[in-house]
Each structure stands twice: as structure tokens, then as C-alpha cells.
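> A structural model of the following input is requested.
(2 chains)
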Amino acid sequence: MNRTSYIIFIFLLVANSYAQQSLTVDYKITFNSQKVENDTIKKHLNKIEDAPEVVKTYSKGIALLSSIKMILNANQNSAVFTGVNQMDNDVNPFESKLAKIMSELETKYYYNIKPNECKKWFNFLNKKYIYKDSISIKNWKITNQSKTIDKYVCYLATTDYVEYVNGKKQLHKVSAWFAPEIPFRFGPRGFYNLPGLILELNFKTLIYTATQIKFHKNSQELEKTPKGEFISKEELSHKIAKLKEERRNN
Amino acid sequence: MKKLLGLTFVALFMMSMDSVSFMEESDPSFNYDHCFAGAEGYEALGVSLGLDAEAAYAVGNTYFDKCVAEVDFIAGSYWSQ
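All right, here's what the predicted structure looks like:
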């Protein structure tokens, strides 16, 4: 029996005993400065007149990430992931907005296993949008690496995240540590469908780590996706390019 | 007489040019350049720091609105004097 089959076997073995249960997971966000390419940063900063001010603002925004808690509420076949603001009221509004945008505090992810889909509901320039995506287990590459998080044995899996920057497609490697002993196939920031709960997610420069897991005896009522305009990543990229052009021309 | 009028016209024209250029240099409402540059800087840096494109744009846009409001406030104070 290879490693992946073994993990799926463990997952199926425990899944039955959790069938009617649900859970709530708290995640903290930390900024992984090792992922930042210093040369690229320097190149951008050389073009900015008030570079020290920009760096200072970003640094404060990054520091505020520790005041943000992300929450996953999950049943067996559906889940919602969103954030809770724990920032002080006297924080500089621009820096607090920066932290909110970085953490996607006000964005919500609605997951479903059957049918397999994840809806990202987000606010962009005061308009609500929904972006639909789906990840199947085939999109994940489960590795042989394992480590213990809290008391759970977790396995490392990786996948690719696609985005469009200035009209160009970019791929980012995302890694997730999941626990087959907790048979809920969800995780932070739109990543799901691994055979176990994601306890740690490395997404670009951010690390989401589970800090608390609460099990509930019964399934919980999850909120439904609010209204919003459906948009694809490509359409959003075109919209941004158009907005930038308009700003330059005004 | 014609020569005098001509010279007066040239002098007045020169004075008006001076006052226009003086206004352009002093009037802060003419200058949003640093807002555009700053917004693009925030966006580019945001992408490098791991923000998605729409998030980086939102940060740049937030800075741009803040910057324009500051310039308008300063310009408003200038013109109300």
C-alpha cells in the first residue's frame, strides 16, 4: 500500500465516526518574509518617490495581521471560511485597510464537496463579486513528508495556484499540511479536497496555522453565499488593466 | 505712440506669464503626479509581497484616493486664502 492509499484508508476509517459532526477551526496568519524577493522589492522601491513611507505603511499593515483571526466552519460536505477583525479602533485607517486586504478579512469562501465547487465572495471597489473555482484531489500532489501539528500527524501536499498579473498568467506553488485523522476536507483561503483538515497552509507570503479546533456533536447551519456578480480571474484581470489605464488618462 | 502701446502690451503679457507660472509653481492642485506614482508603487510592491492582483490594485487605489484628498485639502486651503 503506497503512502497516498494509506492516507486515504485512514481518512475513510475515521470519516464514519465523524459523519454527523461539524467543527470550527481558528487560524492565525503569519507573514513569511523568506518568501519575499528582496531584489524585486528594491527595483520597485527605486521607482517610488516616498519609498520609506510606503515600506513603513506595509510593515505596519503586516504587523497588524496578528490581530486578525480567520475561521473555518465546516460540516462533512460544506464549509465557510472567513475572518474576524480583532484590530484596535485607534489603528491608522490606511494601515488597517492594508491588513484587511492582505488577509482577505472581508472575503468569504463557500465550499461544497457535492457538487465540487468553491465560491469566493469578495468586495472589489465597493461592488460584490463571486468567483467560482473547484479543486479535486487530483490537483493535489501528496508527498511522503509528515510532521506533527498539535497532536495530529499531518502530511504535506502541494498544488498550483493560478493568477493573472498585468494580463500575464502566473503559477504559485501552494503547500498544505493536512491531518487524515480529522476527516473534514477543507482549509483556508479556498484550498480544499484533501483527505483531511488542512492545519497549515503556505500561500505565497502568508502562512495560515490552525490555533484551535472545536468539534460539535451535530452539523451546523452554514450561511449561504450572498449575492454578487459572477466574474472569472481573466475578466477581473482585464477590469483591473482598464481601471489602471483610466487612472493614468484622467 | 504705437511703439509705446506695443511695449506696454509686451510688458503686460510678460507680467501675466510670470503670474501664471508663479501660480503653477505655488498652486498644489496642479500636482497629482506623486499620487499616480505612489499608487503604482504600492501596487507593484503589494504583488511582490504576495498580494493577489485585485488586492494590490485595491491597496494602490486606497492610497491614490487618500493622496488626492490630501492634495485637494491643501489646494482648497490655498484657494480659500
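
> following the lowest-mean-pLDDT helix or strand in chain B, which helix or strand shows up next?
Among the helical and strand segments of chain B, the one scoring lowest on mean pLDDT, DSSP states H and E is helix B:2-26, with a mean of 46. Downstream of helix B:2-26, the next assigned helix or strand under DSSP states H and E is helix B:33-48.

> now that following helix: mean pLDDT?
Regarding helix B:33-48, the rounded mean pLDDT is 85.

> Stretch A:77-96 now?
87.

> what's the answer for stretch A:243-250, then?
Here the average pLDDT along stretch A:243-250 is 82.

> touching chain B at all, it?
Yes. Contact between stretch A:243-250 and chain B, assessed by C-beta under 8 Å from any C-beta of the partner chain, occurs at A:243-244, A:247-248. From N, CA and C alone the C-beta is placed, and that goes for glycine too.

> correct me, but A:S22 touches A:L72?
No. Between A:S22 and A:L72 no contact is recorded; they are 10.6 Å apart, counting by C-beta atoms under 8 Å.

> Comparing the two, which residue is more hemmed in?
Between A:S22 and A:L72, counting by other C-beta atoms under 10 Å in any protein chain shown, A:L72 is the more crowded of the two (26 against 21).

> Name the nearest residue to the more buried one, ignoring sequence neighbours.
A:V25 (4.3 Å; C-beta to C-beta, 6 or more residues apart in numbering or on different chains).

> which parts of the strand or helix carrying the one you found are buried?
In the assignment (DSSP H and E), A:V25 maps to strand A:22-31. Across strand A:22-31, burial judged by 16 or more other C-beta atoms under 10 Å in any protein chain shown covers A:22-23, A:25, A:27, A:29, A:31.

> The helix or strand hosting A:Y110 near chain B at all?
For A:Y110, the host element (DSSP H and E) is strand A:108-112. No. Legend: contact between strand A:108-112 and chain B by C-beta under 8 Å from any C-beta is lacking; minimum distance shown is 13.3 Å.

> how distant is that strand from the center of its chain?
With C-alpha atoms, centre = their mean, to the nearest Å as the basis, strand A:108-112 stands 11 Å off its chain's centre.

> What strands flank it, and is each parallel or antiparallel?
The pairing partners recorded for strand A:108-112 under DSSP bridges are strand A:78-85 (antiparallel), strand A:117-124 (antiparallel).

> So A:E181: helix, strand or coil?
coil (DSSP: H, G, I helix; E, B strand; the rest coil).

> Next up, the contacts around it.
A:E181 makes contacts with A:10, A:14, A:152-153, A:196, as judged by C-beta atoms under 8 Å, 6 or more residues apart in numbering or on different chains.
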